[in-house]
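Student: from the sequence below, what's the structure:
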Amino acid sequence: MKTIKSLVLGSAAALVAMSGAQAADLPVKAKAVEYVRICSLYGAGFFYIPGTDTCVKIGGYLRADLTINGSGAPFTAGSGAMHERYANYYNDYSRFALTLDTRTATEYGVVRTFGQADFTFGTEGLGSINQQSTLNTNAQQGNISSNYVGQGQLGVEYAFIQFAGFTFGKSASAYVTPWQGFPGNMTSGLVGGYDTVTGINNVQYTAQFGNGVSATIGVDDSSANDYNRTQLLNVASTNTASGTWGLYGAPSSNVTAVGTSYTGAYVPDFVGNIRVDQAWGLFQVSGALHYVDGTYFQNANTLGGQYGAVPGSVATNVGAMDSGHPDGKFGGAISAALQIKNLPTGPGDDFKIEGTWAKGATKYALGGSGALGGSYFFISNATGGPGSIVFGSISDGIFGGPGKSGIDLTTSWGVRGAFNHNWDPYWSSSLFGGIAGVSYDSAGKDLWCTAYFKATSNGGAGITTCDPGFTLAEVGVTTRWTPVKNLTFSNEIMYAQLDGNMRGAVTGTVTSAFPINAGTYNFKNQQGNVSVEFRAQRNF
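Tutor: Next comes the predicted model:
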């Protein structure tokens with residue numbers, strides 16, 4: 001009996017223990033997880049990344065553009081400015097831009113990261129086809145944005161970190177205005193000031209003094225040809241060979257002159273601004289230092305023997321170290337900008353204007369995003385009589401051979417601005433314009449003219465004034481319709497006029513590079529071009 005009782009009690013105890021264990025293993029109803037929580041600290045659109053105290057905002061836009069008789073701006077160089085048949089006389093592109101903005105509050109202030117990637121497909125940017133006898137493949141393929149189904153381009157526009165007043169990475173330069181090169185225009189080619197709208201590698205620090213007053217200093221990547229450098233001309237002034245002028249702002253192969261003769265990047269650009277932001281608008285003063293340093297005196301001498309010749313050879317070493325080189329020089333730029341808000345013409349109307357002067361830093365005054373080539377020009381063909389040409393040489397400076405004065409820096413200036421008016425909540429317009437000039441002093445003119453017109457046989461016998469300087473003026477109007485929030489349809493009509501300082505006539509020949517006729521071309525005072533652009537854009 002005792003044995004049976006012990007078994008019953010033991011079994012009961014085991015069952016109780018098992019029941020307790022099973023009860024402990026039963027799942028407990030969990031609290032609901034808050035997958036998306038609004039972050040109101042930094043404005044609309046931010047939310048907390050789940051499980052963190054970091055706020056994030058995802059945004060961007062989708063854009064479709066079409067430009068007629070231009071490439072985002074009227075043709076002022078390349079095939080379109082020559083009126084030949086290899087240019088695309090309408091250029092289009094579609095772009096999807098994606099932005100990611102994160103912010104975290106810390107004891108040092110807000111830590112921010114920002115990135116923007118652009119996915120682009122189209123033909124815009126096609127400006128020059130240079131084959132006379134054989135159709136260049138660029139004319140068939142649409143050039144820069146891979147005009148094939150399924151292809152396109154990926155660009156990194158911004159990628160930077162901000163912490164305790166510092167900015168590290170690819171961001172807007174401390175020199176630029178908040179509106180960059182867009183006071184009211186759509187075109188990315190408005191001259192008259194600086195523009196780093198797609199970002200430049202830099203490090204900068206901003207100090208806030210209160211009442212809207214701030215100051216920023218920065219160090220920018222000086223090797224960025226799209227933003228900080230135009231060409232530096234290396235002219236071999238000891239070259240006395242004759243040859244005809246190529247009618248493109250560069251001599252023929254018989255005359256040695258080499259553009260883009262910068263060294264590698266030794267010194268970055270030093271930039272900064274002082275700014276006042278108030279309810280009435282903004283005022284900013286900016287400055288930049290840009291170091292101009294040239295390579296060896298003769299980069300591509302094919303005449304033999306002048307500098308660094310290889311014994312027994314008919315040609316020299318290209319860019320030989322024993323050729324010598326000019327001493328580098330600091331150039332720079334200064335600018336002032338003003339924005340006036342709350343105009344009596346209507347709610348949200350404003351006026352923006354900026355002016356720039358530069359020495360050896362032409363890109364700071366000429367502006368426009370993207371690479372800046374060797375010249376602006378318009379050429380009309382010489383068929384049936386004399387043709388016409390308007391020409392201006394773009395450079396940061398020019399230097400010659402040993403015994404010359406070194407690098408002669410180019411002077412440039414620019415002004416641009418816009419008046420922006422809202423007709424009603426759905427319609428708005430902008431009247432904008434820009435003007436910029438490039439000039440060479442007497443030493444620079446002598447170097448340039450000696451290199452490009454060394455003898456009457458160079459086609460320059462009819463030139464009465466040899467001056468590669470110029471003025472480029474642009475004016476336009478943009479009209480926008482926003483039927484619903486963040487969806488805008490725009491139209492822009494823009495006129496560009498080039499006024500060159502060259503006078504007289506030049507005799508040119510046909511080369512394999514340019515499909516123009518041989519003959520006499522008279523230098524004109526002015527010539528212009530008009531473009532029309534259409535855009536549909538959805539921001540999100």
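Student: please identify the buried residues of stretch 525-539?
Tutor: Q527, G528, N529, S531, V532, E533, R535, Q537 (16 or more other C-beta atoms under 10 Å). All C-beta spots, glycine's among them, are computed from the backbone N, C-alpha and C.
Student: give me the lowest-pLDDT entry from those.
Tutor: Lowest pLDDT of the buried residues of stretch 525-539: Q527, 85.
Student: these two touch, right, that one and F391?
Tutor: No - applying C-beta atoms under 8 Å, one finds Q527 not in contact with F391, separated by 9.9 Å.
Student: how many neighbouring residues does the residue nearest to F166 when sequence neighbours are not counted have?
Tutor: The shortest distance from F166 to any non-neighbouring residue, by C-beta to C-beta, 6 or more residues apart in numbering, is to Y205 (5.3 Å). Y205: 15 surrounding residues under other C-beta atoms under 10 Å.
Student: chain center to the strand ranked longest in the chain, what's the gap?
Tutor: Counting by DSSP state E, the longest strand found in the chain is strand 90-106. Taking C-alpha atoms, centre = their mean, to the nearest Å, one finds the center of strand 90-106 at 17 Å from the center of the full chain.
Student: shaky segments in the stretch 51-200 of the chain?
Tutor: 124-151 (pLDDT under 70).
Student: and the helices in it?
Tutor: Applying DSSP state H, counting those that start in this stretch to the stretch 51-200 of the chain gives helices spanning 78-82, 137-141.
Student: still on that earlier bit, now, among the buried residues of stretch 525-539, which is nearest to A73?
Tutor: S531 (6.1 Å; C-beta to C-beta).
Student: residues contacting the closest one?
Tutor: Counting by C-beta atoms under 8 Å, 6 or more residues apart in numbering, S531 touches T67, I68, N69, G70, A73, P74, F75, T187, I493, M494, A496.
Student: try it again with 6 Å
Tutor: T67, N69, G70, P74, M494 (C-beta atoms under 6 Å, 6 or more residues apart in numbering).
Student: out of those, flag the one nearest to T410.
Tutor: P74 (23.6 Å).
Student: list the contacts of the closest one.
Tutor: M494, A496, N529, V530, S531.
Student: show me the residues you listed that map onto strands.
Tutor: Per DSSP E, the contacts of P74 map to strands at M494, A496, N529, V530, S531.
Student: next, the buried residues of stretch 81-91.
Tutor: Buried residues in stretch 81-91, counted by 16+ other C-beta under 10 Å: A81, M82, E84, Y86, A87, N88, N91.
Student: contact partners of stretch 194-209?
Tutor: Here stretch 194-209 has contacts from 157-158, 165-168, 170-176, 180-181, 214-221, 224, 227, 364, 367, 369, using C-beta under 6 Å, 6+ apart.
Student: repeat that for stretch 274-284.
Tutor: Under C-beta under 6 Å, 6+ apart, the answer for stretch 274-284 is G212, V213, S214, A215, N273, V285, A337, L338, Q339, I340, K341.
Student: tally of neighbours for F209?
Tutor: F209, neighbours per other C-beta under 10 Å, totals 10.
Student: let me redo that: F470
Tutor: Here the number of neighbours of F470 (other C-beta under 10 Å) works out to 22.
Student: that one pairs with what?
Tutor: V438, G500 (DSSP bridges).
Student: relative to F114, how far out is it?
Tutor: From F470 over to F114 the distance is 38 Å, taken as C-beta to C-beta, to the nearest Å.
Student: repeat for A443
Tutor: Distance, A443 to F114, using C-beta to C-beta: 45 Å.
Student: likewise G406?
Tutor: Counting by C-beta to C-beta - G406 and F114 are separated by 42 Å.
Student: quick one, which of those two is more surrounded?
Tutor: The neighbour comparison of G406 against F114 (other C-beta under 10 Å) goes to F114, with 20 against 15.
Student: can you tell me the closest non-neighbouring residue to the more buried one?
Tutor: F114's closest residue in space is D101 (C-beta to C-beta, 6+ apart), at 5.1 Å.
Student: also S393?
Tutor: P468 (3.6 Å).
Student: wait, isn't that neighbour in contact with W448?
Tutor: Yes - because the distance of 5.1 Å satisfies C-beta atoms under 6 Å, P468 is recorded as touching W448.
Student: rewinding a little: burial count for the residue nearest to F114?
Tutor: Using other C-beta under 10 Å, D101 has 19 neighbouring residues.
Student: that older thread, how about the contacts of P74 in JSON lines, adding distance to Y48?
Tutor: Shown next, in JSON lines, are the contacts of P74 (distance: C-beta to C-beta, whole Å):
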{"residue": "M494", "distance to Y48": "45"}
{"residue": "A496", "distance to Y48": "49"}
{"residue": "N529", "distance to Y48": "52"}
{"residue": "V530", "distance to Y48": "51"}
{"residue": "S531", "distance to Y48": "46"}
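Student: identify the farthest-apart pair in those.
Tutor: Counting by C-beta to C-beta, the most remote pair of those is M494 and N529, 9.1 Å apart.
Student: what sits against S430?
Tutor: G184, A418, N420, T478.
Student: in helices, which of these appear?
Tutor: Using DSSP state H, no member of these sits in helices.
Student: who wins for most neighbours among these?
Tutor: Going by other C-beta under 10 Å, G184 tops these with 25 neighbours.
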